[in-house]
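[1] sequence first, predicted coordinates after that:
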Amino acid sequence: MASPQACGSGRATILNLFRIKNLNMTTAAPPTEEVASMPDAEDLRAWLRLAHARGLRPLALRTLLGAFGGPREVVSESFASLAAAADARAAEAVLAPPSDIEGVPFDHYI
C-alpha cells in the first residue's frame, strides 16, 4: 500500500483509498413532514427505558419491537409474553426498574 504522501492528500484520497463511492448512510428518501412527527413523552420515555435496560441485547430488542409494535407496547407486556417472544433474560431486562441515566434518576431524566 502506498504511503499517504504518495497518494496525495485530502478527502478524495481517503475516498479512493477505501474505495468509498457514496458517503450517505442510507439510500432511503428523507421523511416527509407527515412521517416525521415527534413522538410524545410516553414514547420517548419507553425508548429511553429500553435503550438503558441492562442486559437487553439489540437482537432481542428488535425481536420484541417486531412482536409487539412499539416501545410503549413492549414495556407494557407481561413477563410471560416477553419471554415467549424473545427469552427470559430479555423479559427480565425490560421489566427491571429503570436505572439512573448519567447519575440522574430515570423519572427525572425526561
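    Nice, I can see it.

[2] which residue packs closest to Ala83, ignoring adjacent ones?
    Sequence neighbours aside, Ala91 is the residue nearest to Ala83 in space, at 4.2 Å (criterion: C-beta to C-beta, 6 or more residues apart in numbering). (Glycine included, C-beta is placed from N, CA and C.)

[3] err, Leu56, not the other one
    In space, Leu56 is closest to Ala93, 3.9 Å off (C-beta to C-beta, 6+ apart).

[4] I'd like the mean pLDDT over the host helix or strand of that neighbour, please.
    Assigned by DSSP states H and E, Ala93 belongs to helix 88-95. Averaging pLDDT along helix 88-95 gives 96.

[5] what helices and strands are in contact with that helix?
    Applying 3 or more C-beta pairs under 8 Å, 6 or more residues apart in numbering; DSSP states H and E, one finds that helix 88-95 contacts helix 58-68, helix 79-85.

[6] against Val104, how distant is the closest residue to Leu65 other than its chain neighbours?
    Closest residue in space to Leu65, ignoring its immediate chain neighbours: Val74 at 6.3 Å, by C-beta to C-beta, 6+ apart. As for Val74, its distance to Val104 is 23 Å (criterion: C-beta to C-beta, to the nearest Å).

[7] could you do Val94 as well?
    To Val104, Val94 is 21 Å away according to C-beta to C-beta.

[8] so between the two, which is more surrounded?
    Using other C-beta atoms under 10 Å, the more surrounded residue of Val94 and Val104 is Val94, with 24 against 10.

[9] check contacts around that one.
    Contact analysis of Val94 by C-beta atoms under 8 Å, 6 or more residues apart in numbering lists 50, 53, 56, 64, 74-75, 77, 82.

[10] returning to what we had before: what's the pLDDT at the residue nearest to Leu65?
    On the pLDDT scale, Val74 gets 96.

[11] give me the contacts around the helix or strand hosting it.
    Under the criterion of DSSP H and E, Val74 resides in helix 71-75. By C-beta under 8 Å, 6+ apart, the surrounding residues in contact with helix 71-75 are 42-43, 46-47, 49-50, 64-65, 68, 82, 94.
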